[in-house]
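>>> My questions concern the predicted model and sequence given below.
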Amino acid sequence: MTPTRRQLLLASGMALSTSVLGSGREAEAATPKDTLIIARSLADHFSLDPAEAFEISNGDVVNNLYTRLIAHDLSDFTKLVPGVARSWEISEDGLTATLKIRTDLKFQSGRPVTAEDAAFSLHRGVILNKASAYIIRQFGWTEANVRDRIRAQGESLVLTLDRPYAPELLFNALNAAIASVVDRAEVLAHEVNGDLGNGWLRGHSAGSGAFHLVDFKPKEIIILEANPGFYRGAPGLKRVIIRNVAEPEAQRLLLEKGDVDIARNLTPDQLDSLKSNPDIYVQSNPKGTTYYLGLNTAHAPFNKPEVWEALRWLIDYEGIATHLLKSRLDVHQTFIASGISGVLTDQPYRLDVDRAKALLAQAGLPDGFSATLEVRAETPWAQIGDALQSSFARGGVKLNLVRGDTLQILTHYRERKHDIALSLKALDYADPNSAAEFFTRSADDSDTATSRNAAWRNHWVIPELTQRTNAAVTERDPAKRALLYQELQREVQRHSPIITIVQEHEDNAIRRNVTGFFSGPAWDAAVYDQIRKS
């Protein structure tokens with residue numbers, strides 16, 4: 001019999017102490033060996049539909065509920081391996097891709113996974129057109145044509161493209177969460193008013209992943225139970241519980257008490273404080289997430305290239321990465337993250353106040369200027385903002401820091417109301433185009449533009465770079481394609497209002513008896529089936 005949510009919470013030690021959550025009771029037991037409990041913030045979590053989920057905290061969960069068409073090798077994230085598709089190929093003219101679907105996979109309902117399920121899953125991603133739909137819609141698929149251009153043919157999934165794209169781009173995109181395969185019959189049984197089951201899938205699962213969903217309370221708790229028939233083998237744990245613990249200090253206390261097994265959102269100081277605890281270790285994983293400054297060229301003086309260049313020389317890159325945040329970040333000055341094909345690793349900039357002042361003088365600003373910098377009021381945003389305010393002041397640039405929560409700051413940035421915005425770009429899928437389309441494609445600066453990426457948000461109109469970005473997506477030679485992306489990065493690095501500063505490491509604090517946790521370089525790459533507890 002499936003345990004109730006209350007039984008699971010009690011068995012896993014989630015009756016927490018007064019000092020942490022004010023429950024008035026001491027923890028009843030340590031976490032059992034067959035259950036993993038993760039403490040993290042679930043503030044942005046609202047949907048578990050793989051066609052819709054596009055927030056940091058729900059990405060990992062979706063990755064464990066579903067099997068994607070193509071998977072990554074867990075030991076080498078640059079390699080693609082079979083997922084729902086056991087093999088794939090593309091025609092000589094580059095217009096047709098054929099994926100052979102495995103015959104040994106079953107959904108949690110017991111139904112076999114078929115090519116029809118795979119086609120339906122891509123259909124609904126295109127038709128629902130949620131935030132991540134651009135990943136697959138870029139291949140010319142629309143509501144009007146998707147059922148003709150994505151179709152099941154026996155045990156194969158056949159994809160018709162509108163032009164010959166780089167094969168690695170297509171197959172990397174089919175590794176994204178939106179390419180997760182859902183149980184067509186189960187989803188349609190819960191369709192309401194033509195929503196293709198979206199309302200139901202927000203809080204239920206219909207996949208063939210390592211786990212299935214037992215309970216989901218948005219911004220509170222998620223409970224997963226193992227799928228013993230998972231294609232990589234039965235998971236090492238029977239269940240995983242993800243608990244919303246917003247405060248990092250509360251996460252640390254729970255971890256030290258043994259009430260949780262992994263804390264996902266600790267600050268550098270808290271992580272340092274755990275290094276002497278023999279029961280806990282800290283695991284660091286490079287993430288494909290870069291932090292950058294966006295300079296709004298619609299606001300003077302950010303319409304001057306000399307100002308773009310000057311600000312690059314007013315950033316203490318090494319101080320931010322190594323000292324301020326204690327190696328949670330790496331210096332990185334290009335928009336494609338390390339670990340992705342075509343990345344440019346050049347670091348031509350450093351803190352040089354005299355050079356910055358000379359450039360400001362050339363721009364007619366010998367006494368500097370004042371501007372606002374909008375940052376999120378949390379780690380590492382707040383610390384980076386303080387460091388920028390300090391180093392910019394040395395060059396005569398007075399920054400007024402505007403701090404707010406994630407939604408406030410992001411909304412203001414998306415509305416193009418900022419002077420300078422500190423923002424990030426996460427790895428949506430493991431291809432250089434994931435970043436390039438966000439930074440180097442912008443030919444329409446109007447408020448009705450369909451692409452509202454970083455270039456658009458900063459009123460940076462770049463038709464020539466847009467053409468070069470479009471050419472890179474169709475270059476079928478991987479080596480030549482990598483060079484095209486390196487050239488794009490050099491252009492943005494040296495002649496743009498986009499200033500990339502650092503790349504993120506994700507540090508997770510883990511109980512010593514837990515092994516096999518891997519969060520991966522993408523925002524939605526964590527796997528739970530490899531975890532073991534002793």
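Right, received. Where do you want to start? Numbering: from 1, shown residues only.
>>> Scan the helices and strands of the protein for the one with the lowest mean pLDDT.
Lowest on mean pLDDT, DSSP states H and E among the helices and strands of the chain sits helix 18-21, with a mean of 35.
>>> which helices and strands does the helix or strand following it pack with?
The C-terminal neighbour of helix 18-21 among helices and strands, as given by DSSP states H and E, is strand 35-40. The contact analysis (3 or more CB pairs under 8 Å, 6 or more residues apart in numbering; DSSP states H and E) places strand 35-40 against strand 239-244, helix 248-257, strand 262-263. Heads up, the C-betas are built off the backbone N, CA and C, glycines and all.
>>> can you put these in TSV and add distance to residue 496 and mean pLDDT?
Converted to TSV, the helices and strands packed on strand 35-40 look like this (distance: least, CB to CB, whole Å; pLDDT from 0 to 100):
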stretch	distance to residue 496	mean pLDDT
strand 239-244	38	96
helix 248-257	34	96
strand 262-263	38	98
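>>> residues contacting residue 201?
Contacts for residue 201 (CB atoms under 8 Å, 6 or more residues apart in numbering) come out as 47-52, 182, 187, 190.
>>> quick one: which of those residues is nearest to residue 84?
residue 182 (10.6 Å; CB to CB).
>>> gap between the two ends of stretch 331-346?
Taking CA to CA, to the nearest Å, stretch 331-346 runs 10 Å from one end to the other.
>>> for stretch 238-257, the distance to its chain's centre please.
Centroid separation for stretch 238-257 versus its chain: 21 Å, with CA atoms, centre = their mean, to the nearest Å.
>>> For that stretch, C-alpha coordinates in PDB please.
C-alpha atoms of stretch 238-257 as PDB (Å, rounded to 0.1, in the frame of the first residue of the first chain):
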ATOM      1  CA  LYS A 238      12.500   4.000  -2.800                       C
ATOM      2  CA  ARG A 239      11.500   7.700  -2.600                       C
ATOM      3  CA  VAL A 240      12.700  11.200  -2.800                       C
ATOM      4  CA  ILE A 241      11.100  14.100  -0.800                       C
ATOM      5  CA  ILE A 242      11.900  17.700  -1.800                       C
ATOM      6  CA  ARG A 243      10.900  20.100   0.900                       C
ATOM      7  CA  ASN A 244      10.500  23.900   0.500                       C
ATOM      8  CA  VAL A 245      12.900  25.500   3.000                       C
ATOM      9  CA  ALA A 246      13.300  29.000   1.900                       C
ATOM     10  CA  GLU A 247      15.900  30.200   4.400                       C
ATOM     11  CA  PRO A 248      19.500  28.900   3.800                       C
ATOM     12  CA  GLU A 249      20.200  29.000   7.500                       C
ATOM     13  CA  ALA A 250      17.200  26.700   8.200                       C
ATOM     14  CA  GLN A 251      18.500  24.400   5.500                       C
ATOM     15  CA  ARG A 252      21.900  24.300   7.200                       C
ATOM     16  CA  LEU A 253      20.400  23.500  10.600                       C
ATOM     17  CA  LEU A 254      18.200  20.700   9.200                       C
ATOM     18  CA  LEU A 255      21.300  19.200   7.500                       C
ATOM     19  CA  GLU A 256      23.400  19.200  10.600                       C
ATOM     20  CA  LYS A 257      20.600  17.700  12.700                       C
END
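>>> buried sites along that stretch?
238-245, 248, 250-257 (16 or more other CB atoms under 10 Å).
>>> for the stretch 51-200 of the chain, what spans make up the helices?
Per DSSP state H, counting those that start in this stretch, the stretch 51-200 of the chain carries helices over the ranges 56-65, 115-128, 134-137, 146-149, 167-173, 184-188, 198-201.
>>> Can I get the helices and strands packed on strand 35-40 in CSV including distance to residue 289?
As requested, those are exported to CSV (distance: least, CB to CB, whole Å):
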stretch, distance to residue 289
strand 239-244, 20
helix 248-257, 18
strand 262-263, 19
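>>> Among the ones you listed, which comes closest to residue 334?
Nearest to residue 334, of all these, is helix 248-257, at 30.1 Å by CB to CB.
>>> what's the angle between that closest one and strand 239-244?
Put simply, helix 248-257 runs at 150 degrees to strand 239-244, going by axes from the mean of the first three to the mean of the last three CA atoms, to 10 degrees.
>>> after the longest helix along the chain comes which helix or strand?
When the chain is parsed with DSSP state H, its longest helix is helix 478-494. Next helix or strand after helix 478-494 toward the C-terminus (DSSP H and E): strand 498-511.
>>> What strands flank that following strand, and is each parallel or antiparallel?
strand 262-263 (antiparallel), strand 280-295 (antiparallel), strand 329-331 (antiparallel) (DSSP bridges).
>>> just those: most buried one?
strand 262-263 (a mean of 26; mean count of other CB atoms under 10 Å).
>>> and this structure, what are its domains?
1-53+209-279+512-534, 67-194, 286-506 (automatic domain parsing).
>>> how far is the longest one from where the chain is centred?
Distance of domain 286-506 from its chain centroid, counting by CA atoms, centre = their mean, is 17 Å.
>>> likewise the shortest one?
Mean C-alpha position of domain 67-194 versus that of the full chain (CA atoms, centre = their mean) differs by 20 Å.
>>> for the stretch 1-150 of the chain, which spans come out with low pLDDT?
1-29 (pLDDT under 70).
>>> Next, the contact list for the closest residue to residue 475 other than its chain neighbours, please.
What sits nearest to residue 475 in space, not counting adjacent residues and going by CB to CB, 6 or more residues apart in numbering, is residue 481, at 4.1 Å. Counting by CB under 8 Å, 6+ apart, residue 481 touches 166, 168, 341-342, 432, 472, 475.
>>> Just the buried ones among those residues, please.
The buried subset of the contacts of residue 481 (16+ other CB under 10 Å) comprises 166, 168, 341-342, 432, 472, 475.
>>> Please report the distance of residue 320 from residue 503.
For residue 320, the distance to residue 503 (CB to CB, to the nearest Å) stands at 12 Å.
>>> Can you work out which residues contact both of the two?
Joint contacts of residue 320 and residue 503 (CB under 8 Å, 6+ apart) are residue 329.
>>> related to what we said a few turns ago, which ones among the buried ones among the contacts of residue 481 lie within helices?
168, 472.
>>> pLDDT check: weakest of the buried ones among the contacts of residue 481?
Scanning the buried ones among the contacts of residue 481 for pLDDT, the low point is residue 341. It has 89.
>>> isn't it right up against residue 480?
No: counting by CB atoms under 8 Å, residue 480 is not a contact partner of residue 341; they are 11.8 Å apart.
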